[in-house]
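> Please work out how this folds:
(chains A and B)
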Amino acid sequence: MKPIKFTITHKIPNKLGRAGVIKTLHGDIQTPAFIVVGTKATVKAVSPEQLRDAGVQAILANTYHLYLQPGDEIIRGAGGLGKFANWSGPTMTDSGGFQVFSLGAAYGKELSKVISITDPSLLISERTDEFESARLAKIGADGVSFTSHLDGSLHYFTAEKSIEIQHNLGADILFAFDECTSPAETKSYQEEALHRTHRWAKRSLEYHLSKENSKSQGLYGIVQGGRHEDLRKESAAVIGTMDFDGFGIGGSFAKEDMSTAVKWVNEILPEGKPRHLLGIGEPLDLFNGVENGVDTFDCVAATRMGRNGGVYTRAGPINMWNAKFINDCSPLDSGCDCYTCKNYTRSYVSHLFRAKEMFAATLASIHNIRFIVHLVEKMRENIIAGTFDTYKKEFLEKYYVQKSLDGIVGEV
RNA sequence: GCGUGGAUCGUAUAGUGGCAAUUACGGGAGACUGUAAAUCUCCUGCCUUCGGGCUCCGGGGGUUCGAGUCCCUCUCCACGCA
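Below you'll find the predicted structure:
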């Protein structure tokens, strides 16, 4: 008996996209679905009840952060992640592989894993001692050493260690330990890292299957390869033939060719297993991901942007700090069915941000979560109805029109 | 009335002779994609053909090559003494 059962119920004609259901021991996920990020066993500023009301089906937490604080043994003793955090639905845990990037190559830099265009000046040409010592995550012989950002203590993660922690955390879906590379890395480094990730994937899987936990928790392998077609395809072929319950697509992307990279991978991965696009959640990327066969997504954008005053609307994102909203008594996004839009105005939310009231973060996060969750729900509905292409076109035209208008006004 | 200390670009501050001004907050805008993030970046006297130009440290006057900074005087504020 597999802990994860995936059923595809509908497909987008002549495309890789599909709708289905992922069954876990803590409930079903109707796919495609957007999964919210609750790194430290909480979605920042939002309660589980509020997440439920926003239509959230599952939560993804982080192995590295929970291992450091409060400790995975504490969470195991508390009955597992879901019970600990009062979330009865499906849960996932990321392996700590993202921290190899965020606390490694990206540490102390303004560097996103998604870059708009590959800038040759960004490429890392040599790896100096100074370059290495500046990071909190360093690649070792068969794992990664982390210097805790909390207290400076040293921790070594291997594939086995990450899975052991994830077993203790007790989520329904785990991810193999991987190396999320920087988009600034050279191709030769991407290739080296890819092979390392493949070795770790095999070890993650072997360790997982050797434990009883593999009967109740599913494990996803992670495909890497940066923006290189041959590496992505090689990775999909290698990871895709391993006995994982599903797959994550991770790593660095160039914004322009992300959907192409996803397509390369999903054409190769076994069709019958679920695919999760790690850390991607902007509207355009979600449409492209779904169209190219991604079943689930997670992303911090909705909640992080929300806390910082960025709000999604059907006419494009807006910044609640802008002076023009101070006396705007309309909802954040007219037509939105979220708690925030049903009960509060832009003027009020604007006031809360300016007054530095913490409720601002809650209201904006609830709205953004509902906006993105609902967007993906609608994609699912339109796949089932056979109208995905039309829906995508209609939404994106309206969503990006505002940006275009601003551009024109700015140039005049 | 006398004495002392103050008055600096929205607010609070730094600045005691040298290219007219520090920092914070406030204000304006931008960024944010498996969360080192309720964070970060830029702008914030006026004008600009983006080279620069003009104005500026309570008011007025003076010393000086040069003053927010020194001197005189006026106004206002705080504290103390009458």
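> Near RNA strand B, which residues of the stretch 51-200 of chain A? Just list them.
Within reach of RNA strand B by C-beta under 7 Å from any atom of the strand, the stretch 51-200 of chain A has these residues: A:60, A:62, A:65, A:94-95, A:97-99, A:101-103, A:106-108, A:110, A:112-114, A:136, A:149, A:175, A:178, A:180. Quick note: C-beta positions are derived from backbone N, CA and C, even for glycine.
> Throw together a ChimeraX command that grabs the buried residues out of the residues you listed.
Buried residues within these, by 16 or more other C-beta atoms under 10 Å, are selected in ChimeraX with:
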select /A:60,62,65,94,95,97,98,99,101,102,103,106,107,113,136,175,178,180
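> can you tell me which of the residues of the stretch 51-200 of chain A next to RNA strand B are in helices?
If you go by DSSP state H, those have A:65, A:97, A:98, A:99 in helices.
> could you pull out the strands for the stretch 251-400 of chain A?
With DSSP state E, counting those that start in this stretch as the criterion, the stretch 251-400 of chain A has strands at A:253-254, A:275-277, A:296-299, A:310-311, A:318-319.
> These: which one's closest to residue A:363?
Proximity to residue A:363, assessed across these by C-beta to C-beta, is greatest for strand A:310-311 (9.4 Å).
> Tell me which strands the closest one pairs with, and in which orientation.
strand A:318-319 (antiparallel) (DSSP bridges).
> Is RNA strand B within reach of the partner strand?
Yes - Strand A:318-319 lies within reach of RNA strand B by C-beta under 7 Å from any atom of the strand, at residue A:319.
> hang on, the earlier thing: of the ones in helices among the residues of the stretch 51-200 of chain A next to RNA strand B, just say which sits nearest to residue A:279.
Nearest member of those to residue A:279, counting by C-beta to C-beta, is residue A:98, at 6.8 Å.
> ok, the nearest residue to residue A:282 once chain neighbours are set aside - how many residues close by?
In space, residue A:282 comes closest to residue A:301 once its chain neighbours are excluded; the distance is 6.2 Å by C-beta to C-beta, 6 or more residues apart in numbering. By other C-beta atoms under 10 Å, the residues close to residue A:301 number 19.
> Would you enumerate the residues in contact with residue A:301?
A:281, A:282, A:368 (C-beta atoms under 8 Å, 6 or more residues apart in numbering).
> could I get those as JSON lines with distance to residue A:159 and pLDDT?
Formatted as JSON lines, the contacts of residue A:301 follow (distance: C-beta to C-beta, whole Å; pLDDT from 0 to 100):
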{"residue": "A:281", "distance to residue A:159": "27", "pLDDT": "97"}
{"residue": "A:282", "distance to residue A:159": "30", "pLDDT": "96"}
{"residue": "A:368", "distance to residue A:159": "34", "pLDDT": "98"}
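> How about residue A:330, nearest residue that isn't a chain neighbour?
residue A:346 (5.9 Å).
> try residue A:99
Using C-beta to C-beta, 6+ apart, the closest residue to residue A:99 is residue A:64 (4.6 Å).
> Tell me who's in contact with residue A:352.
Contacts of residue A:352 (C-beta under 8 Å, 6+ apart): A:359, A:360, A:363.
> secondary structure element for the nearest residue to residue A:155 once chain neighbours are set aside?
Leaving aside its chain neighbours, residue A:155 sits nearest to residue A:146 (4.7 Å; criterion: C-beta to C-beta, 6+ apart). Counting by DSSP states H and E, the element that carries residue A:146 is strand A:144-147.
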